[in-house]
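Asker: the following block contains a protein sequence and its predicted model.
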Amino acid sequence: MNYSLLLPEIFLLLWTLFIFVLDFFWDKSKTHSLGWLSLLGLGITAGLLFGSGKGNLFGNMFLSDGFSFYFKLVFLSAAFLAILSSIDFVKKIDKYRGEYFGLILLSTLGMMFLCSAGELITLYIALELTTIPLFVLAAYLKSDSRSAEAGIKYVILGAISSAILIYGISIIYGLTGATDLALIQFSLASQHLKFGALGPALIFGIIFFIAGFGFKLALVPFHVWAPDVYQGAPTPITAFLSVASKGAGLAAFVRIFFVSFNVFQPDWVMIIAVLASLGMILGNIVALMQTNIKRMLAYSSIAQIGYILIGVVAFSWRGISSLSFYMFAYLFANMGAFIGAITFSNVTGSDEIKDYAGLSRKSPGLALCMTVFLLSLVGIPPLAGFVGKYYIFASAIERGHIGIVIIAILTSVIALYYYVGVVREMYFRKSEKEFSFSIPFSLKLALFICVIGVLLAGLFPTPFIDAATQAAQVFYYW
Amino acid sequence: MSFPILSYMIFCPLLGMILVMLLRKEQVQVIRWVSALFSFIPLVLSFFLLAHYDPSTSRMQFVEFHKWIPSLGVNYQLGADGLSVPMLFLTALLSFVSIIASFNINFRVKEYFAFFLLLETGMMGVFAALDFFLFYIFWEVMLVPMYFLIGIWGGPRKEYAAIKFFLYTLFGSVFMLVGILALYFTVEPHTLNMMELIRRAPDLTRGFQLIVYVAFYLAFAIKVPIFPFHTWLPDAHVEAPTAVSVILAGILLKMGIYGLLRISYPMFPQAAIYFALPLAILALINIVYGALVCMAQKDLKKLVAYSSVSHMGYCLLGIAAITVTGISGCVFQMVSHGLITGALFLLVGVLYDRAHTRDIHAFGGLWIKLPVYSGIMTLFCLGSLGLPGLSGFISEFMVFLGSFPVFKVLVAIAVLGVVITAGYFLRMIQWMFLGKFNTKWEALPEISGREIFTVTPLAILMIFIGVYPMPLANIIKATVENIVHLVGG
């Protein structure tokens, strides 16, 4: 067996433990510098990832293919940006700074396993490895009651969703006698040929899967935890949750549904189409009424996952390619917007949108960056978000799903109003308060990376799209 | 031609924007002159464009082609024909004039000129893009600087006007996006090349043409604006700062018409014929309703804004007829309206800067105090109401001449619009410039040299086209004939 396929994961695990151990001996006043070491670890992991080949390990338990490669890059980039934006932030936490970075790395490791899992038990364990560190991270600001509330809510709802998911897994196992995704596909396909329609057990199984992943993806109607957790959690963690955790859930979801439940595609695609539409409508409309930027971005991300799922609804290689590309565009724009919010609240201590008034005068650079991110989230060309939306809509229209595209474009006009609402505060309004903005290097770098990402993926998306298309080919070898 | 003149025209202002952003915001004078320079270069280039344009063919000229995003079938493709050359020239001219007219902006100067130059890049791009993806990018890119320009430097209700403009136009353009995608996947092999799509137009079924026409129509109708999508216009035009109103009226409104002629007509000929009568009726509503609303205006800027609604109606009437004369009249009207209304907004701005009111009734007998200003203003008002010898007359006459054989009754009613137009402009001249001098304005200073400089080229062109329309007619002839031929009307 070719264990070198696992090299990135093994390295990241060792590096994580190294960070945890180092934390014991490190000078307590300088533990934030462990962040830089964590970044180094992520960089080396990415390097190893580029070097590692394609193939399977342990039967089909661990798959290393174009799809997992693409999503691992998304997770590593998201973790990189989250840690980079935390280096200044952790100075506010008086204890356990080293563990903070270690937990992010551990969760990233879980995500990497998750998108490589070719088998349900592995997948479940990877999912737990992803979420349990996130529970802790959400409650990291223990003295802040909102953060504690976020942690509790996230634990309880996360546990329920995991329970639902494992119930679904057990039903599928009962029906097919397999946990291997490909074997499940063959078994279900042959049963389908024999019996025709799908039985109630399978319907429940599929619904439990959708519900279980619905929680992870904050899909309407399983989204209620998201705004509170997003608002209460430390902002870098919120950013990480909104991008990486969603990406991980999405990767696993796509793998299960495009492989195992492939045969019953017409049935579950309908459900996803309805849920995606609900997400776009509800997320965008509720976001209109938010006054707190983190809550606003939380609802916006509920809407964004709706757009992403249009790629699933399209059910074609272009669909997967487009949703993978969208994930990258969303990564830069959404992380960027959160990093902007972190920068702002580090200086002013506020997350209220109305406090952004006059930011363009006090810190033109930050205001410009925020504007770029928000306009990319709306989908204004030539930014990455536009190419993402264009590609996603193209995949759906190619398959004749005009209805969901109409919903998507109308809700994106609604979205313009609240995203631009922040821009309006920054540029049109005057502020009473005076702040002197000095942005630390780590945040400047993070903002810079995100702006470059948004512009590059918007103006020269070819390499990103090609990588996304290679990811999609994993499911379309037939 | 190897020299990529269109790319230079498009990206020169963008380069200027980057330079302006690199300057310190205290260097106000440098920022102004850099902006003027980088909007002057495209103007110079546009003269080259006019000089090197070969009017004998309807084929695209100055073509540039580069692969851009092969996986999405997107290419960087530019070109100009008899329809885009006049518009590119108009864009370059009005942008330069507007930037000169903006020298009196003293508030957040750096941002203002940066946004303005970005706006110019977007407008140039729309008129030169031959790839749908590229076209859409430029079409949308414009909205952002426009939003800021209205929202930061506008009048009392600027925030409302800015977001209304943004939402309205985005609403229209997203439907166009769906239309573009539908076209892309319908035509085999898939392409976003507009010229190729025009060649494939006969492959499209009638039903498909009708649906996609409507999707594009929403985008274009909001931009023009065609009744009942015109409600953003008075807000945006009135609240916008002077130079931005010039651009809005002079260029942005034409984009809707340009879209209809460049895209809707050649690509969906059956739909164009099917919707010709409804379009003519809407044109009539625009003409008469716009003119009647003007009669009721007390605000000078609102009057000019609504007169645009009315004047765009003539363009639409010319298009709806699908005759060579009618469409030529429409292109004449686009140019002529750009010159005249641009100048009118500039002149309204001149007065408002001094008097801080735009109430028509607040003035009176201004001719005694401001003879030069009143003379220029009257000249442009006469141009706008269609006085023979000025460009407005030529265009309206051609529109009526071209459309009368097709829509006899409608045109007969539309001519009433001309009468109403004469009515509100003459009344306005009478109230403001003639009669008893209102001594309140004793201290009003006369129009300055810089301000005269901004309207002079517009006046010269207005008179030139009015007296000798042949050069412009030559440029557009082959292209317009080709459009009519493609539609088969």
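Answerer: That came in fine, so what should we check first?
Asker: show me what contacts residue B:214?
Answerer: By Cβ atoms under 8 Å, 6 or more residues apart in numbering or on different chains, residue B:214 lies in contact with nothing. In short, each C-beta sits where N, CA and C put it, glycine included.
Asker: for residue B:175, see how far away it is.
Answerer: In this view, residue B:214 and residue B:175 are 8 Å apart by Cβ to Cβ, to the nearest Å.
Asker: for residue A:126, same thing?
Answerer: As for residue A:126, its distance to residue B:175 is 42 Å (criterion: Cβ to Cβ).
Asker: ok, which residues in chain B are in contact with chain A?
Answerer: Applying Cβ under 8 Å from any Cβ of the partner chain, we find that chain B lies next to chain A at B:68-72, B:111, B:133, B:136-137, B:140-141, B:143-144, B:147-148, B:151-152, B:158-159, B:162-163, B:166-167, B:170-171, B:174-175, B:177-178, B:181-182, B:184-185.
Asker: whichever of these end up buried, select them in ChimeraX.
Answerer: Buried members of the residues of chain B next to chain A, defined by 16 or more other Cβ atoms under 10 Å in any protein chain shown, are picked up in ChimeraX with:
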select /B:68,69,71,72,111,133,136,137,140,141,143,144,147,148,151,152,158,159,162,163,166,167,170,171,174,175,177,178,181,182,184
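Asker: in helices only, show me the residues of chain B next to chain A.
Answerer: B:111, B:133, B:136-137, B:140-141, B:143-144, B:147-148, B:151-152, B:158-159, B:162-163, B:166-167, B:170-171, B:174-175, B:177-178, B:181-182, B:184-185 (DSSP state H).
Asker: where do the helices of the stretch 301-450 of chain A begin and end?
Answerer: In the stretch 301-450 of chain A, the helices defined using DSSP state H, counting those that start in this stretch lie at A:317-348, A:359-362, A:364-378, A:384-398, A:402-428, A:441-459.
Asker: residue A:83 and residue A:41 touch, don't they?
Answerer: No - judged on Cβ atoms under 8 Å, residue A:83 makes no contact with residue A:41 at a distance of 9.4 Å.
Asker: and these two? Which one has more around it.
Answerer: More crowded of residue A:83 and residue A:41, by other Cβ atoms under 10 Å in any protein chain shown: residue A:83, with 28 against 24.
Asker: following element in sequence after the helix or strand harbouring the more buried one, please.
Answerer: Using DSSP states H and E, the element containing residue A:83 is helix A:66-86. Scanning forward in sequence from helix A:66-86 by DSSP H and E, the next helix or strand is helix A:97-116.
Asker: that following helix - what's its average pLDDT?
Answerer: For helix A:97-116, mean pLDDT is 91.
Asker: just checking, what packs against that helix?
Answerer: helix A:7-25, helix A:34-51, strand A:62-64, helix A:66-86, helix A:120-138, helix A:235-240, helix A:246-255 (3 or more Cβ pairs under 8 Å, 6 or more residues apart in numbering or on different chains; DSSP states H and E).
Asker: now do that helix and helix A:34-51, the angle between them.
Answerer: 20 degrees (axes from the mean of the first three to the mean of the last three Cα atoms, to 10 degrees).
Asker: which residue packs closest to the residue of the stretch 1-150 of chain B found nearest chain A, ignoring adjacent ones?
Answerer: Scanning the stretch 1-150 of chain B for proximity to chain A using Cβ to the nearest Cβ identifies residue B:137 as nearest, at 4.1 Å. Using Cβ to Cβ, 6 or more residues apart in numbering or on different chains and skipping the chain neighbours, the partner closest in space to residue B:137 is residue A:381 (4.1 Å).
Asker: now do the contacts for the one you found.
Answerer: Counting by Cβ under 8 Å, 6+ apart, residue A:381 has contacts A:387, A:458, B:136, B:137, B:140, B:141.
Asker: pLDDT weak spots in the stretch 151-300 of chain A?
Answerer: Within the stretch 151-300 of chain A, the segments meeting pLDDT under 70 span A:195-198.
Asker: name the residue of it that lies nearest to chain B.
Answerer: Chain B sits closest to residue A:288 of the stretch 151-300 of chain A, with a gap of 12.2 Å, by Cβ to the nearest Cβ.
Asker: give the burial count for that residue, as a bare number.
Answerer: The local packing of residue A:288 (other Cβ under 10 Å) involves 13 other residues.
Asker: mind giving me the domain split of chain B?
Answerer: B:1-273, B:275-489 (automatic domain parsing).
Asker: residue A:375: which of those domains is closest?
Answerer: Closest to residue A:375 of the domains of chain B is domain B:1-273 (Cβ to Cβ; 6.6 Å).
Asker: rounded mean pLDDT for the closest one, please.
Answerer: On average, domain B:1-273 scores 90.
Asker: can you get me a residue count around the nearest residue to residue B:383 once chain neighbours are set aside?
Answerer: Nearest residue to residue B:383 in three dimensions, chain neighbours excluded: residue B:390, at 4.0 Å (Cβ to Cβ, 6+ apart). Residues contacting residue B:390 under the criterion other Cβ under 10 Å number 25.
Asker: and the gap between residue B:390 and chain A?
Answerer: 39 Å (Cβ to the nearest Cβ, to the nearest Å).
Asker: dihedrals phi and psi, that residue?
Answerer: phi -120, psi 160 (degrees, to the nearest 10).
Asker: and what of residue B:131?
Answerer: phi -110, psi 130.
Asker: is it true that it touches residue B:196?
Answerer: No - at 9.8 Å, residue B:131 does not count as touching residue B:196 under the criterion of Cβ under 8 Å.
Asker: so if I had to pick from those two, which one is more boxed in?
Answerer: Comparing residue B:131 with residue B:196 by neighbour count (other Cβ under 10 Å), the higher total belongs to residue B:131, at 23 against 14.
Asker: residues contacting the more buried one?
Answerer: Residue B:131 neighbours (Cβ under 8 Å, 6+ apart): B:68, B:74, B:75, B:76, B:77, B:192, B:193, B:194.
Asker: cool, residue A:92 as well?
Answerer: Here residue A:92 is in contact with residue A:141 (criterion: Cβ under 8 Å, 6+ apart).
Asker: in a markdown table: the helices and strands packed on helix A:97-116, plus distance to chain B.
Answerer: Shown next, in a markdown table, are these (distance: least, Cβ to the nearest Cβ, whole Å):
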| stretch | distance to chain B |
| --- | --- |
| helix A:7-25 | 27 |
| helix A:34-51 | 21 |
| strand A:62-64 | 24 |
| helix A:66-86 | 15 |
| helix A:120-138 | 30 |
| helix A:235-240 | 25 |
| helix A:246-255 | 20 |
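Asker: most neighbours per residue, which of the ones you listed?
Answerer: Compared across the helices and strands packed on helix A:97-116, helix A:235-240 shows the largest average neighbour count, a mean of 28 (mean count of other Cβ atoms under 10 Å in any protein chain shown).
Asker: determine the set of other helices and strands touching that helix.
Answerer: Looks like helix A:235-240 contacts helix A:66-86, helix A:97-116, helix A:120-138, helix A:225-232, helix A:293-314, helix A:317-348 (3+ Cβ pairs under 8 Å, 6+ apart).
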